[in-house]
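[1] test case, fold it:
(one chain, ligands or ions: 1)
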Amino acid sequence: MIETRFTREFGVRHPIVQGGMQWVGRAGLVAAVADAGALGFITALTQPTPEDLVKEIARCRELTDREFGVNLTILPAITPPPYAEYRAAIIESGIRVVETAGFSPADHMPAFKAAGIKVIHKCTSVRHALKAEKLGVDAVSIDGFECAGHPGEDDVPGLILIAAAARRLTIPIVASGGIADARGLVAALALGADAVNMGTRFMCTVEAPVHDNVKRRIVESSELETTLIFRTLRNTSRVAVNAVSNEVVEILRQGGEFADVRDLVAGVRGREVYETGELDRGLWTVGQSQALIDDVPTVADLVSRMVAEASSIITSRLAPLVSQPR
Ligand SMILES: Cc1cc2nc3c(=O)[nH]c(=O)nc-3n(C[C@H](O)[C@H](O)[C@H](O)COP(=O)(O)O)c2cc1C
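    Next comes the predicted model:
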């Protein structure tokens with residue numbers, strides 16, 4: 001067992017989080033994460049309406065007795081989803097912990113706090129983490145440049161970012177991005193984090209609702225097979241290298257605008273990759289940590305193996321390195 005401020009304050013057995021994942025963070029995976037003693041988040045916007053989110057939360061409760069949370073991702077959109085209604089669905093469903101991500105959670109904090117909900121805000125810079133702390137969030141999850149999804153525009157890798165954040169913050173820190181095994185967990189704790197968040201690693205488990213072709217590609221891929229899209233639009237996203245992401249990068253590099261790639265980047269095409277296993281059908285999200293993944297375990301095996309190996313690294317590999325001065 002590895003006990004930290006995070007496990008105590010959030011009432012979870014292990015300092016491991018499964019963050020929000022569009023199209024992937026559904027009840028089956030989240031319940032498996034909860035049963036394994038980690039903290040999983042249903043992704044609110046994967047559900048087409050707030051009513052569907054209420055049903056997905058109920059479905060998850062049928063699958064597990066353990067606590068789980070909901071991720072609310074606030075991103076720029078031409079037609080924004082009805083955030084206030086999703087927020088109300090979360091509160092009315094009796095959820096006790098929320099992961100916010102993307103823009104500042106300021107608009108949502110009063111309602112979540114009034115409902116006694118703990119908020120973990122996921123961000124990509126020390127300055128945004130400090131702002132979130134001031135707003136009263138209970139923990140921050142900080143994504144380094146390695147991460148799947150939105151790494152921000154500062155390009156600071158986790159090795160620096162987590163240590164820099166730990167020097168300034170007083171609330172618990174969840175290290176995110178690039179972590180896929182026990183070594184990453186131990187490293188994150190050494191940098192000053194109280195827990196780790198993983199996306200890519202949980203996407204490549206038996207329970208993840210993702211076609212086997214995607215999982216197989218993750219196992220086969222190295223750290224080089226991700227790419228950054230939307231750099232020129234200052235809305236950078238790390239996705240798998242494939243025919244579509246290569247085309248998008250090329251169009252934008254030649255001065256193209258969002259309208260020129262709109263059809264290529266449609267979210268529904270990404271969803272179809274996960275459903276059909278056609279890897280070049282659209283954009284799909286993955287992080288550099290795929291280099292560290294070479295199997296498709298159950299969530300329970302993954303979590304128990306990570307904790308056991310992390311304990312063994314600390315006690316059997318690191319502790320004996322320390323000697324008394326002669
Ligand atoms: C398929 C996929 C979809 C994701 N979608 C979201 C999302 O909708 N909202 C969010 O806050 N983070 C999202 N993320 C980011 C993860 O929650 C997490 O921060 C990130 O994966 C950490 O980096 P890692 O993949 O190296 O572990 C997604 C990640 C993946 C792999």
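[2] which elements pack onto the helix or strand bottoming out on mean pLDDT in the chain?
    When the helices and strands of the chain are scored by mean pLDDT, DSSP states H and E, helix 258-261 comes last with a mean of 94. When contacts are defined as 3 or more CB pairs under 8 Å, 6 or more residues apart in numbering; DSSP states H and E, helix 258-261 packs onto helix 243-253. No exception for glycine: its C-beta is placed from N, CA and C like everyone else's.
[3] thinking again about what came up before, so for the following helix or strand past the least confident helix or strand of the chain, what gets flagged as buried?
    Next helix or strand after helix 258-261 toward the C-terminus (DSSP states H and E): helix 267-276. Buried positions in helix 267-276, judged by neighbour count with 16 or more other CB atoms under 10 Å: Arg269, Gly270, Arg271, Glu272, Val273, Tyr274.
[4] returning to that earlier point: give the buried residues for the least confident helix or strand of the chain.
    Quick answer for helix 258-261 (16+ other CB under 10 Å): Val261.
[5] measure Gly19 to the ligand for me?
    As for Gly19, its distance to the ligand is 3 Å (criterion: CB to the nearest ligand atom, to the nearest Å).
[6] so where is the stretch 51-200 of the chain shaky, pLDDT-wise?
    Within the stretch 51-200 of the chain, no stretch has pLDDT under 70.
[7] ends of stretch 40-49, how far apart?
    Stretch 40-49 has an end-to-end distance of 20 Å (criterion: CA to CA, to the nearest Å).
[8] what is whatever helix or strand Asn71 lives in packed up against?
    Here Asn71 sits within strand 69-74, counting by DSSP H and E. Other helices and strands packing on strand 69-74, by 3+ CB pairs under 8 Å, 6+ apart, are strand 39-43, helix 83-92, strand 97-102.
[9] give me that answer again for 10 Å
    Helices and strands touching strand 69-74, by 3 or more CB pairs under 10 Å, 6 or more residues apart in numbering; DSSP states H and E, are strand 16-18, helix 27-35, strand 39-43, helix 50-63, helix 83-92, strand 97-102, strand 118-123.
[10] deepest-packed of these, please.
    strand 16-18 (a mean of 30; mean count of other CB atoms under 10 Å).
[11] so what strands line up beside that one?
    Strands that pair with strand 16-18, judged by DSSP bridges, come out as strand 39-43 (parallel), strand 195-198 (parallel).
[12] would CSV of these with distance to the ligand be doable?
    Output for the strands paired with strand 16-18, formatted as CSV (distance: least, CB to the nearest ligand atom, whole Å):
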stretch, distance to the ligand
strand 39-43, 5
strand 195-198, 4
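[13] show residues contacting the least confident helix or strand of the chain.
    78, 229-230, 232-233, 235, 244, 247-252, 254, 265, 283 (CB atoms under 10 Å, 6 or more residues apart in numbering).
[14] follow-up on the earlier one: do the strand holding Asn71 and the ligand meet?
    Yes - against the ligand, strand 69-74 shows contacts by CB under 6 Å from any ligand atom at Asn71, Thr73.
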